[in-house]
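Asks: okay, sequence plus prediction incoming.
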Amino acid sequence: MVLSLLLVTPAVAAAAQTASWLDEERPMNWNKMRALVPEGPVPDGDPADTQRCKDQVRAPDTAMDRAVTSRGWSLLGPATTYGPTSIIVANTSVDGMCRPRFYQAFVFVKGRFAGTLSPGPMNAREDGAESMIRVVSASELTVQYARYADADPLCCPSRLTIVRFRVERLRDGPIVIPVTVHTRPSSP
């Protein structure tokens, strides 16, 4: 019993801390140049490829996909590509309705890992969950995150935070950098 608590606690703690970075005026960059794809957290709930949810998991078909799956993640939906920039979303577990738990968005440039779009794994229907990625150009992304207040129903976050990311292609390798953060009510 104690061992299972120790295994889940770091992943749960990482997910809980994910949303706080969205409250910063200009977030610190957690991405490091030439970093490895982060290790997938221990599943919380059912594994992502559980029988009832297996249709939403896709098989890897590129070196980028394999870089993500080799670190313990399951691929969700198709990759999004704009020029040399690709975004792959993956998770390690699902809830009872096959919504992703412990999911992350990985950015690659010309096949090289450039970073993630959140400092830690996210959970659907929780504060800080990515809800939409928009690729503006090969070097600019905007990502929308759901922001839940304590009184919000799980269907309906009261706020949304939009983060603009810059994708830089430097001599030492690519890196994704959060640039601006803007939070607004979810309904006007």
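Replies: Thanks, I have it.

Asks: contacts and neighbour counts: CA atoms only from here.
Replies: Will do.

Asks: wait, is residue 64 part of a helix?
Replies: Yes: the secondary structure assignment for residue 64 places it in a helix, going by DSSP: H, G, I helix; E, B strand; the rest coil.

Asks: didn't it look like it was pressed against residue 106?
Replies: No: the pair residue 64 and residue 106 does not pass the contact test of C-alpha atoms under 8 Å, sitting 9.3 Å apart.

Asks: measure the residue minimising distance to the centre of the chain to residue 118 for me?
Replies: For the chain, the residue lying nearest the average C-alpha position, counting by C-alpha atoms, centre = their mean, turns out to be residue 104 (2.4 Å). From residue 104 across to residue 118, the span is 7 Å (C-alpha to C-alpha, to the nearest Å).

Asks: try residue 39
Replies: If you go by C-alpha to C-alpha, the gap between residue 39 and residue 118 works out to 14 Å.

Asks: in which helix or strand does residue 76 reside?
Replies: strand 74-82 (DSSP states H and E).

Asks: on that earlier part again, what sits in contact with each of residue 64 and residue 106?
Replies: residue 113 (C-alpha atoms under 8 Å, 6 or more residues apart in numbering).

Asks: what pairs with residue 74 across the strands?
Replies: Taking DSSP bridges, one finds residue 91 as the beta-bridge partners of residue 74.

Asks: how many neighbours does it have?
Replies: Neighbours of residue 74 under the rule other C-alpha atoms under 10 Å: 27.

Asks: hmm, it is touching residue 90, no?
Replies: Yes: contact criterion C-alpha under 8 Å: residue 74 and residue 90 qualify, at 5.2 Å.

Asks: what residue ranges in the chain score low on pLDDT?
Replies: 1-19, 188 (pLDDT under 70).

Asks: need the helices for it, in chain order.
Replies: For the chain, helices defined by DSSP state H occupy the ranges 2-18, 63-69.

Asks: list the buried ones in the last one?
Replies: Residues of helix 63-69 classed as buried by neighbour count (16 or more other C-alpha atoms under 10 Å): 64-65, 67-69.

Asks: could I get these as TSV with distance to residue 187?
Replies: As requested, those are exported to TSV (distance: C-alpha to C-alpha, whole Å):
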residue	distance to residue 187
64	37
65	36
67	38
68	35
69	37
